[in-house]
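Colleague: sharing a model prediction with you, sequence too.
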Amino acid sequence: MNDALVFVLPGYGNSGPLHWQSRWERADPRFVRIAMPDWDRAFRNGWCLALDRAVEAAPGSVTIAAHSLGTLTAAWWATRYARPAALEKVRGALLVALPDPAGPAFPADAHGFGPVPYERLPFPTCVVASSDDPYGSLAFARGCARAWGSAFHDIGPRGHINADSGLGEWPQARGWLDAMGTTD
């Protein structure tokens, strides 16, 4: 990977200290968590604008490491909020554990994230899904990956691919992220 910033985009409720995103952030100073207006009452506009401000302010290229609701934030931002100059800064996005806004487990305090935009994303993306994620099915994740033009990885039964999934530093996903950050 190069010297580009990596924006860590957690999901609803933020990512705790044992989450793979937090581990990556502690291990590498290029990883910067995007602060959301409210982690427990998520509104699409506020979350997308937080990402937009961060990308606009970045001095150079960025890569996005998103989890859960952060993945939908990245998709909405890329398709509806971002200006062309901001999109040109994004080298790629790792989109892990997509939650289905129409699913029964989707947080009631997450507003405006559905229906998901089903159009090609303007930068390289990699969708990673678990076969037993309570927030989104493999079929939903595959459908998003297909529509977005994303690479797709089914990592088997790993729940919501969070701290409880036992992935630790998760070097496999870090490799996928690093590969996107080095593409031109």
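Modeller: Arrived safely, thanks for sending.
Colleague: only C-alpha atoms from now on, for both contacts and neighbour counts.
Modeller: OK.
Colleague: residues in contact with the closest residue to residue 163 other than its chain neighbours?
Modeller: Setting aside the residues directly before and after it, residue 163 is nearest to residue 19 in space (C-alpha to C-alpha, 6 or more residues apart in numbering), at 4.2 Å. If a contact means C-alpha atoms under 8 Å, 6 or more residues apart in numbering, then residue 19 has 162-163, 168 as its contacts.
Colleague: redo those residues as JSON lines? Include neighbour count, distance to residue 54 and secondary structure.
Modeller: Formatted as JSON lines, the entries for these read as follows, by neighbours: other C-alpha atoms under 10 Å; distance: C-alpha to C-alpha, whole Å; DSSP: H, G, I helix; E, B strand; the rest coil:
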{"residue": "162", "neighbour count": "20", "distance to residue 54": "24", "secondary structure": "coil"}
{"residue": "163", "neighbour count": "19", "distance to residue 54": "25", "secondary structure": "helix"}
{"residue": "168", "neighbour count": "15", "distance to residue 54": "27", "secondary structure": "coil"}
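Colleague: state the phi and psi torsions of the residue nearest to the spatial centre of the chain.
Modeller: For the chain, the residue sitting closest to the mean C-alpha position, by C-alpha atoms, centre = their mean, is residue 66 at 2.0 Å. The phi and psi torsions at residue 66 (degrees, to the nearest 10) take the values phi -110, psi 150.
Colleague: for it, name its beta-bridge partners.
Modeller: In this structure, residue 66 has beta-bridge partners residue 9, residue 95, where bridges are defined by DSSP bridges.
Colleague: can you list the buried residues in stretch 89-107?
Modeller: Neighbour-count burial for stretch 89-107, counted by 16 or more other C-alpha atoms under 10 Å, picks out 89-101, 106-107.
Colleague: quick check: end-to-end length of it?
Modeller: 31 Å (C-alpha to C-alpha, to the nearest Å).
Colleague: would you confirm that residue 180 contacts residue 95?
Modeller: No. The pair residue 180 and residue 95 does not pass the contact test of C-alpha atoms under 8 Å, sitting 11.8 Å apart.
Colleague: so the residue nearest to the centre of the chain is in contact with residue 99, correct?
Modeller: No. Under the contact definition of C-alpha under 8 Å, residue 66 does not touch residue 99, with a separation of 11.7 Å.
Colleague: packing partners for the helix or strand hosting residue 21?
Modeller: Using DSSP states H and E, residue 21 falls within helix 20-27. Other helices and strands packing on helix 20-27, by 3 or more C-alpha pairs under 8 Å, 6 or more residues apart in numbering; DSSP states H and E, are strand 31-33.
Colleague: can you list the strands that the following helix or strand past the strand it packs on pairs with?
Modeller: Downstream of strand 31-33, the next assigned helix or strand under DSSP H and E is strand 42-43. In the sheet containing strand 42-43, its partner strands are strand 110-111 (parallel), by DSSP bridges.
Colleague: show me the contact partners of the partner strand.
Modeller: Taking C-alpha under 8 Å, 6+ apart as the criterion, the residues outside strand 110-111 that touch it are 12, 40-44.
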